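Novice: Pasting the sequence and the predicted model now:
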Amino acid sequence: METTERELGEEKEQLLREDRRLLGRLLGEVISEQVGAATLERIETIRQTAVRFRRTLPDPALAGEAAAVKAELESQLDALPIGETLHVVRAFSYFSHLLNIAEDAHQNRRRRAHAQGGSPRRPGSFAYALERAGKVAAASLLAWFARARVSPVLTAHPTEVQRQSILECERAIARLIALPASPGRDRALRAEVLRVWLTAMLRLSKLTVADEITNALAYFRLTFIPGIPRLYADLEEALRARLALPRAPWLPPFLTVGTWVGGDRDGNPNVGPETLELAASEQARLILAHYLEEANLLGRELGLSARLKPVPREVLEQAERSGDESEHRRDEPYRRVVSGIYGRLAATAKALAGLQAVPAPVAERPPYETAAELAADLDLIARALEEQGAGLLAEGRLRALRRKVSVFGFHLAPVDLRQSSDEHAAAVSELLARAGVEPAYESPRCARRASRTRRRSSASSASSRPRPGRRSAWARRRCRST
């Protein structure tokens, strides 16, 4: 008998139900163990009453029953002493978190199943979006990415809501729930649920700006740095398949990540030049430390011997300039090139962020002046591997590192400066006055003329409207001329 689509859907949902039951059971066991079976029973009674209220509420025919259940629920909650109330709130909060983790894991499972089964493209996927683009010429589609700019900006607010210790527990639970069921996995899950329950949800003290910077960097370390190269790789592979290209294209860095943590002077009186300097230096330390680690690992991967197959001349020349004279690596030019890159990265990290490389480089090298110089060295390795017929080795870690350099540079993320417009106007006025361009930028007459100019410009046709930056400059020139 053929399996119906409905049966397949029920089978898929069964896995989600099993995950929900497992996490709910583990949380219940932890609560019973830590605060007592009576408290767990009270929490469960409240939960069942809340479920009955939710089920009766939407049906007008059950309005009377809904009102009675609501009164019952209110009575149960009102009877709670303050200590019990805290346990109930924490139990429901963590139960909600665990359900969200189970649903996320299920969605990831479904996406993998769709990809492996060759199912139709799903909305939200790159392949689906490219299909919706229609029969756009390859050159036009690729040129669009050269013009595009997408830059989500991280604020401090998400880092204020949840503690990093709680997030770490939840990430561990997400990794474990995705593994095949086993007694060892379930025991590890219980340990993480226990750790969550025994960790306070809220801090007793307010975060400082330095704390916010540290928490924001955790999002980069755990999410953006590893995730963005994978995002680019998925899109480039989708473009290769959609456009029938011989290989995946290398897209320009149209997608970057910004932050205003450490630069929000308008929203936080404690933010000043010193916090901006701290944010910039800590960001540089994080990304440079990551590059050093990746370069160290890359060198281990590229121990290709020149005795087994000829190596492109530019690699041999770069290896001679690397400063790596170890006899053990004389026939491994790629590794020597990476050794030289590591040496220059170590010098860069020390110069820009005061970061000492571990392990120490084999030879002192000058620092990179720009991230583009590092990118050029990595591109050289990728080209040479392609030329040598080992292009597959240019994928993986090397391609991901090249992408990270193109997106994050040596600064990790641009910091948005949010400031009162009065402060901006005062700064611009001082700059223009000292440069001898405009001695009275903030004078009322100049401001009125600039305002009238903007109104005239906004009334003109869209085709002839100047860009905002040019319009402001034109207004200032008109003001200076009078």
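Specialist: Received the coordinates, thanks.

Novice: List the buried residues for the strand or helix carrying Ser93?
Specialist: Following DSSP states H and E, the helix or strand that holds Ser93 is helix 82-117. Residues of helix 82-117 classed as buried by neighbour count (16 or more other C-beta atoms under 10 Å): 84, 87-88, 90-91, 94-95, 97-98, 101-102, 105-106, 109-110. To be clear about C-beta, it is placed using only N, CA and C from the backbone, and glycine gets the same treatment.

Novice: after that helix comes which helix or strand?
Specialist: Defined by DSSP H and E, the subsequent element after helix 82-117 is helix 126-132.

Novice: Contacts for that next one, please.
Specialist: By C-beta atoms under 8 Å, 6 or more residues apart in numbering, the residues outside helix 126-132 that reach it are Arg121, Arg122, Leu141, Asp234, Leu235, Ala238, Leu239, Ala241, Arg242.

Novice: swap in stretch 247-258?
Specialist: With C-beta under 8 Å, 6+ apart, stretch 247-258 has contacts from 142, 145-146, 148-154, 220, 224, 228, 231-233, 235-237, 239-240, 406-407, 413-416.

Novice: Now do Arg20 against Leu98, distance only.
Specialist: According to C-beta to C-beta, to the nearest Å, Arg20 and Leu98 sit 8 Å apart.

Novice: wait, Leu431
Specialist: 54 Å.

Novice: cool, Pro226 as well?
Specialist: Taken as C-beta to C-beta, the span from Pro226 to Leu98 is 24 Å.

Novice: Touching, Arg265 and Leu417? I think so.
Specialist: Yes - assessed by C-beta atoms under 8 Å, Arg265 is found in contact with Leu417 at 6.6 Å.

Novice: Between the two, which has more neighbouring residues?
Specialist: Neighbour totals were compared for Arg265 and Leu417, and Arg265 leads with 19 against 15 (other C-beta atoms under 10 Å).

Novice: and that one, backbone torsions?
Specialist: phi -80, psi -20 (degrees, to the nearest 10).

Novice: now Val153
Specialist: phi -120, psi 130.

Novice: The stretch 351-482 of the chain: strands as residue ranges?
Specialist: Counting by DSSP state E, counting those that start in this stretch, one finds no strands in the stretch 351-482 of the chain.

Novice: Report the mean confidence score over stretch 287-295.
Specialist: The average pLDDT for stretch 287-295 rounds to 98.

Novice: So for it, what gets flagged as buried?
Specialist: Buried-residue list, stretch 287-295, by 16+ other C-beta under 10 Å: Ile287, Leu288, Ala289, His290, Tyr291, Leu292, Glu294, Ala295.

Novice: Of the residues you listed, which is the nearest to Arg47?
Specialist: Nearest to Arg47, judged by C-beta to C-beta, of these is His290 at 43.8 Å.

Novice: how about the residue lying closest to the closest one once chain neighbours are set aside, what does it touch?
Specialist: Using C-beta to C-beta, 6 or more residues apart in numbering and skipping the chain neighbours, the partner closest in space to His290 is Ile225 (6.0 Å). The contact partners of Ile225, by C-beta under 8 Å, 6+ apart, come to Ile287, His290, Lys404, Phe408.

Novice: Next, count neighbours for the residue nearest to Leu176 when sequence neighbours are not counted.
Specialist: Distances taken as C-beta to C-beta, 6+ apart put Leu189 closest to Leu176, at 5.0 Å, once the chain neighbours are dropped. Neighbourhood size, Leu189 [other C-beta under 10 Å]: 20.

Novice: related to what we said a few turns ago, can the contacts of helix 126-132 go into JSON lines with extra columns for pLDDT?
Specialist: Shown next, in JSON lines, are those (pLDDT from 0 to 100):
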{"residue": "Arg121", "pLDDT": "71"}
{"residue": "Arg122", "pLDDT": "74"}
{"residue": "Leu141", "pLDDT": "89"}
{"residue": "Asp234", "pLDDT": "92"}
{"residue": "Leu235", "pLDDT": "94"}
{"residue": "Ala238", "pLDDT": "90"}
{"residue": "Leu239", "pLDDT": "92"}
{"residue": "Ala241", "pLDDT": "89"}
{"residue": "Arg242", "pLDDT": "88"}
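
Novice: filter those residues to the buried ones?
Specialist: Applying 16+ other C-beta under 10 Å to the contacts of helix 126-132 flags Arg121, Leu235, Ala238, Leu239, Arg242 as buried.

Novice: got the contact list for Ala289?
Specialist: Ala349, Leu355.

Novice: and it, that's in a strand?
Specialist: No - Ala289: not assigned to a strand; according to DSSP: H, G, I helix; E, B strand; the rest coil it is helix.

Novice: now it: how far from Gln318?
Specialist: On the measure of C-beta to C-beta, Ala289 and Gln318 end up 24 Å apart.

Novice: Ala371 too?
Specialist: Applying C-beta to C-beta to Ala371 and Gln318 gives a distance of 18 Å.

Novice: pLDDT at the residue nearest to His290, what is it?
Specialist: On the pLDDT scale, Ile225 gets 97.

Novice: same question, Gly83
Specialist: Gly83 is given a pLDDT of 85.

Novice: Can you pull out the low-pLDDT segments for the protein?
Specialist: Filtered on pLDDT under 70, the chain yields the residue ranges 1-12, 117-120, 157-161, 267, 445-482.

Novice: any idea how far the residue nearest in space to the middle of it lies from Leu292?
Specialist: Nearest to the geometric centre of the chain sits Phe224, at 2.8 Å (C-alpha atoms, centre = their mean). Distance from Phe224 to Leu292, counting by C-beta to C-beta: 18 Å.

Novice: And for Ala216?
Specialist: Distance from Ala216 to Leu292, by C-beta to C-beta: 21 Å.

Novice: Equivalent analysis for Gln107, please.
Specialist: From Gln107 to Leu292 the distance is 35 Å (C-beta to C-beta).

Novice: Okay, helices next: where are they in the stretch 301-450 of the chain?
Specialist: Counting by DSSP state H, counting those that start in this stretch, one finds helices in the stretch 301-450 of the chain at the ranges 313-320, 333-353, 371-387, 397-408, 421-434, 444-459.

Novice: starting at the chain centroid, how far to the fifth one?
Specialist: So that's helix 421-434. 35 Å (C-alpha atoms, centre = their mean, to the nearest Å).

Novice: Can you point out the buried residues in it?
Specialist: For helix 421-434, by 16+ other C-beta under 10 Å, it's Ser429, Leu432.

Novice: Give the bridge partners for Arg418, please.
Specialist: Arg418 has these beta-bridge partners by DSSP bridges: Asp264.

Novice: got the contact list for it?
Specialist: Contacts of Arg418 (C-beta under 8 Å, 6+ apart): Trp260, Gly263, Asp264, Arg265, Asp266, Gly267.

Novice: how many other residues sit next to the fifth one?
Specialist: Which is Asp266. That count, for Asp266 with other C-beta under 10 Å as the rule, works out to 15.

Novice: ok, the residue nearest to it when sequence neighbours are not counted to Gln283 distance?
Specialist: Closest residue to Asp266 apart from its sequence neighbours, by C-beta to C-beta, 6+ apart: Arg418 at 4.4 Å. For Arg418, the distance to Gln283 (C-beta to C-beta) stands at 17 Å.
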